[in-house]
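Undergrad: mind folding the following:
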Amino acid sequence: MSDYINDKELEEINEMYRQKLEANKKKPYKKSASKEKKPAENNAGKSDVKKSSSVKRTVKVTKQDKIGEDNKPQKKTAAPADDDKKKKLGIKINIGVCSSIFAVLVVALAVLPRPTVSETEKRELAKFPEFLWENYWKGDYTEDISYFYNDTVPFRDELKSFGAWFRSCFGFSISGEQISGNVSNINSGSSQTEITTQSTKPIVIVTPAPSDSNSSTPQSSDDDKPQSGDDSSSDESKPENIYIEPSDPDAEILHQTGMNTVYLSNDVIYGAQLYNGKRSYAEDYANSVNLIKERLPDVNVYSMLAVTQNTFITPKELNTASAYSELSDSRYLSNMLSSDIKVIETFEALFPHINEEIFFLRDCHWQQLGAYYAAESFANTAGVAFPEITEYDKYEEDCLGSIYTATDYEPLMYEGETFTYYVPTNDYQTEYYDSDYEFQFEYPLMPQSDYSTTSFYSLFMVADNYIKHITTDVDNDRVLVVLKDDYPSAMIPCLTSSFEEIYVIDVRYCNFNVTDFCAEMGATDVLVGMTTENALGNVGTYLEYILNL
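TA: Below you'll find the model as predicted:
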């Protein structure tokens, strides 16, 4: 075939190129027309929309709108405004509710009566401080006001009990056994230490009671030795007369609320109410007990000053609020009593049992076993029968001590211990009276159904503000009246086999003359029992008050 192209063929080729060129010119027009058709079909009746970025945004929004029956997009222009209104209304309601609750609490705290005594902690609550410029400039005055309002919150015991119950729902450990919850953050990963009263013993001889009852100055170091003129101290056959006061220079205070203290000693967490006796009250107590004997000359009158955990467990380095020890103060008071008053030495009763669990490690009271030994000493002095500990029904419960209730120091929740108590098995019945001695009801002496892990000490005779009359199956014509604070409560059940009748009166809740009452009830024995600190404080003053009604 020849490479030569004639004119006719060239004309055909040129015609093909022209057709292609015309076709290329028509393509943009066709592409543009197809783009305009789509919105025109979906938006019938609307004007054409220009091609721009705003058109694309409008199309994207309308695709999210709900299509109505007429196939038109329904715009949600009112929804954002409704949401804003709802949010604002919710904020207003929230502010109103919180403000109302706050206002109610403020009014309640200002108007409701404030408690003066805590039944669960068995102590008097803080008093509003007296204004002194010296205390004001030191900051003590405002600090004491803050402590007063915190310590006397209305319904304090109920709120603390509820709080303790709520927190206990998260669990705690007893003697190293974890019930639930995580205690590693509290104990820094260390294991629980076995609870024992042998954890802190040794090293210093306790200061003996001054022989001169009129002296109010501490004994010198030379007087720390037994006095040659004191037969009981010089008798080496009685080892209980030589006492090694607990000491731990490394004891560390972890938390303190008033005199309620949490401390660490030998890797064990303890809770104690530190000793703070005031000898300026000594005459009030001594004169009151002497007056009872003076008015009831034919009645056996006893004085029992209970020494507490402070003497047997708490390191002496922590008891710095008083210039004297609890033991020396108890003997100081006893030396001020009339010679015809029989003194029950609780120290001598407890010391032989120092290695037994006679005290709680985190509660200001003694275990009932300690109270049992004190009751035994009293019964022997009174010359009445007294049962062996094996004759009681023994029970054990888990408990949280009063120091936890008083301080709210959370680690104590994980340091629970065992509450052991003994229920007498002989026959007896208990009647409860109010502070005017008006009959209220008959109820068990130790109602186990009322047991609580935080206010467990109330198991003994329900509450201190009731006067109790216990009638037993004993037939010895001995009628005992006990004038007490809360401490001897654990001792009373141990005496139901020793006396025919027992009247129990907490001196803080009595509105009548107690010596007249003793005479009317035919009392043969009157026991005045309380802690040494309370005798050297307001409780001793209460005793004086009810003798003069």
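Undergrad: so where's the protein uncertain?
TA: Counting by pLDDT under 70, the chain has low-confidence residues at 1-9, 17, 20-80, 118-124, 157-158, 160-242.
Undergrad: just want the most central residue of it.
TA: In the chain, the centroid-proximal residue (Cα atoms, centre = their mean) is Thr405; its distance is 0.8 Å.
Undergrad: was I right about it contacting Thr454?
TA: Yes. Using Cβ atoms under 8 Å, Thr405 is in contact with Thr454, at 5.3 Å. All C-beta atoms are positioned from the backbone trio N, CA, C, and that covers glycine.
Undergrad: picking up where we left off before, downstream neighbour of the helix or strand encompassing the residue nearest to the centre of the chain in the secondary structure list?
TA: Using DSSP states H and E, Thr405 falls within helix 402-407. Using DSSP H and E, the helix or strand that follows helix 402-407 in sequence is strand 417-423.
Undergrad: what is that following strand packed up against?
TA: helix 368-382, strand 393-399 (3 or more Cβ pairs under 8 Å, 6 or more residues apart in numbering; DSSP states H and E).
Undergrad: chain center to the longest one: distance?
TA: Read that as helix 368-382. A distance of 29 Å separates the C-alpha centroid of helix 368-382 from that of its chain, computed with Cα atoms, centre = their mean, to the nearest Å.
Undergrad: swap in the shortest one?
TA: Average the C-alpha atoms of strand 393-399, do the same for its chain, and the two points are 20 Å apart (Cα atoms, centre = their mean).
Undergrad: same for it, what does it pack against?
TA: On a contact count with 3+ Cβ pairs under 8 Å, 6+ apart, strand 393-399 meets strand 417-423.
Undergrad: can you list the strands that the strand it packs on pairs with?
TA: Within its sheet, and counting by DSSP bridges, strand 417-423 is paired with strand 393-399 (antiparallel).
Undergrad: just the residues contacting the strand it pairs with, thanks.
TA: If you take Cβ atoms under 8 Å, 6 or more residues apart in numbering as the criterion, strand 393-399 is touched by 174, 363, 416-423, 425, 448, 451, 453-454, 456.
Undergrad: neighbour-wise, which of those leads?
TA: Neighbour counts for the contacts of strand 393-399, by other Cβ atoms under 10 Å, peak at Asp363, which reaches 26 neighbours.
Undergrad: check contacts around that one.
TA: Listed by Cβ under 8 Å, 6+ apart, the contact set of Asp363 reads Gly271, Cys399, Gly401, Ser402, Ile403, Tyr457.
Undergrad: make JSON lines out of the residues you listed and add distance to Phe128 and neighbour count.
TA: Formatted as JSON lines, the contacts of Asp363 follow (distance: Cβ to Cβ, whole Å; neighbours: other Cβ atoms under 10 Å):
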{"residue": "Gly271", "distance to Phe128": "27", "neighbour count": "29"}
{"residue": "Cys399", "distance to Phe128": "32", "neighbour count": "24"}
{"residue": "Gly401", "distance to Phe128": "28", "neighbour count": "26"}
{"residue": "Ser402", "distance to Phe128": "23", "neighbour count": "25"}
{"residue": "Ile403", "distance to Phe128": "24", "neighbour count": "27"}
{"residue": "Tyr457", "distance to Phe128": "27", "neighbour count": "27"}
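Undergrad: from those residues, which two are the most distant?
TA: Comparing every pair within these by Cβ to Cβ identifies Gly271 and Tyr457 as the most remote, at 13.7 Å.
Undergrad: can you tell me the closest non-neighbouring residue to Ala379?
TA: Spatial nearest neighbour of Ala379, chain neighbours left out: Phe386 (3.9 Å); criterion: Cβ to Cβ, 6 or more residues apart in numbering.
Undergrad: actually Asp340, not the one I wrote
TA: Nearest in space to Asp340, with sequence neighbours left out and distances taken as Cβ to Cβ, 6+ apart, is Lys293 at 6.0 Å.
Undergrad: repeat that for Val474.
TA: Across the structure, with Cβ to Cβ, 6+ apart as the measure, the residue nearest Val474 apart from its sequence neighbours is Glu500 (4.8 Å).
Undergrad: likewise Asp485?
TA: Leaving out its chain neighbours, the residue that sits closest to Asp485 by Cβ to Cβ, 6+ apart is Met530, at 4.0 Å.
Undergrad: quick one on the thing from earlier: just the helices and strands packed on strand 417-423: most buried one?
TA: Comparing the helices and strands packed on strand 417-423 on average neighbours per residue, with mean count of other Cβ atoms under 10 Å, the densest one is helix 368-382 at a mean of 22.
Undergrad: okay, and the nearest residue to Asn135 once chain neighbours are set aside sits in which element?
TA: Nearest residue to Asn135, sequence neighbours excluded (Cβ to Cβ, 6+ apart): Tyr141, at 4.3 Å. Secondary structure assignment for Tyr141, by DSSP H and E: helix 140-151.
Undergrad: show me what that helix is packed against.
TA: For helix 140-151, the contact count by 3+ Cβ pairs under 8 Å, 6+ apart identifies helix 133-138 as packing neighbours.
Undergrad: okay, the helix it packs on in PDB with CA atoms only?
TA: Only the C-alpha atoms of helix 133-138 are listed here, as PDB (Å, rounded to 0.1, in the frame of the first residue of the first chain):
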ATOM      1  CA  TRP A 133      -7.300  37.300 126.200                       C
ATOM      2  CA  GLU A 134      -4.200  35.100 126.800                       C
ATOM      3  CA  ASN A 135      -5.900  32.100 125.200                       C
ATOM      4  CA  TYR A 136      -7.300  34.300 122.400                       C
ATOM      5  CA  TRP A 137      -3.900  35.600 121.300                       C
ATOM      6  CA  LYS A 138      -2.400  32.100 121.400                       C
END
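Undergrad: contact partners of it?
TA: Where contact means Cβ under 8 Å, 6+ apart, the residues beyond helix 133-138 that reach it are Pro129, Tyr141, Thr142, Asp144.
Undergrad: list the contacts for the third one?
TA: Under the criterion of Cβ under 8 Å, 6+ apart, the neighbours of Thr142 are Tyr136.
Undergrad: tell me how far it lies from Ile93.
TA: Thr142 sits at a distance of 37 Å from Ile93 (criterion: Cβ to Cβ, to the nearest Å).
Undergrad: buried members of the contacts of helix 133-138 into PyMOL, please.
TA: To isolate the buried ones among the contacts of helix 133-138 in PyMOL, judged by 16 or more other Cβ atoms under 10 Å, type:
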select buried, resi 129+141+144
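Undergrad: about what we covered before: please enumerate the shared neighbours of Gly271 and Tyr457.
TA: Applying Cβ under 8 Å, 6+ apart, one finds that Gly271 and Tyr457 are jointly contacted by Asp363, Ser402.
Undergrad: Phe456 - nearest residue in space that isn't next to it in sequence?
TA: Cys399 (4.6 Å).
Undergrad: swap that for Asp477, sorry
TA: Going by Cβ to Cβ, 6+ apart, Asp477 has Glu500 as its nearest residue, at 6.1 Å.
Undergrad: right, and the one you found touches Asn476 too?
TA: Yes. In terms of Cβ under 8 Å, Glu500 counts as a neighbour of Asn476; the distance is 5.6 Å.
Undergrad: ok, these two, which is more surrounded?
TA: Using other Cβ under 10 Å, the more surrounded residue of Glu500 and Asn476 is Glu500, with 17 against 13.
Undergrad: I'd like to know which elements the helix or strand hosting Tyr503 is packed against.
TA: Using DSSP H and E, Tyr503 falls within strand 501-506. Using 3+ Cβ pairs under 8 Å, 6+ apart, the elements in contact with strand 501-506 are strand 467-472, strand 479-484, helix 514-520.
Undergrad: tell me which residues in the longest one are buried?
TA: What it means is helix 514-520. Val514, Thr515, Phe517, Cys518.
Undergrad: for the third one, list the residues it contacts.
TA: When the contact criterion is Cβ under 8 Å, 6+ apart, the partners of Phe517 are Tyr437, Val481, Tyr503, Ile505.
Undergrad: quick one: Lys86 is in a strand?
TA: No. According to DSSP: H, G, I helix; E, B strand; the rest coil, Lys86 belongs to no strand; its state is helix.
Undergrad: tell me, how many residues neighbour Met521?
TA: A count of neighbours around Met521, defined by other Cβ under 10 Å, yields 14.
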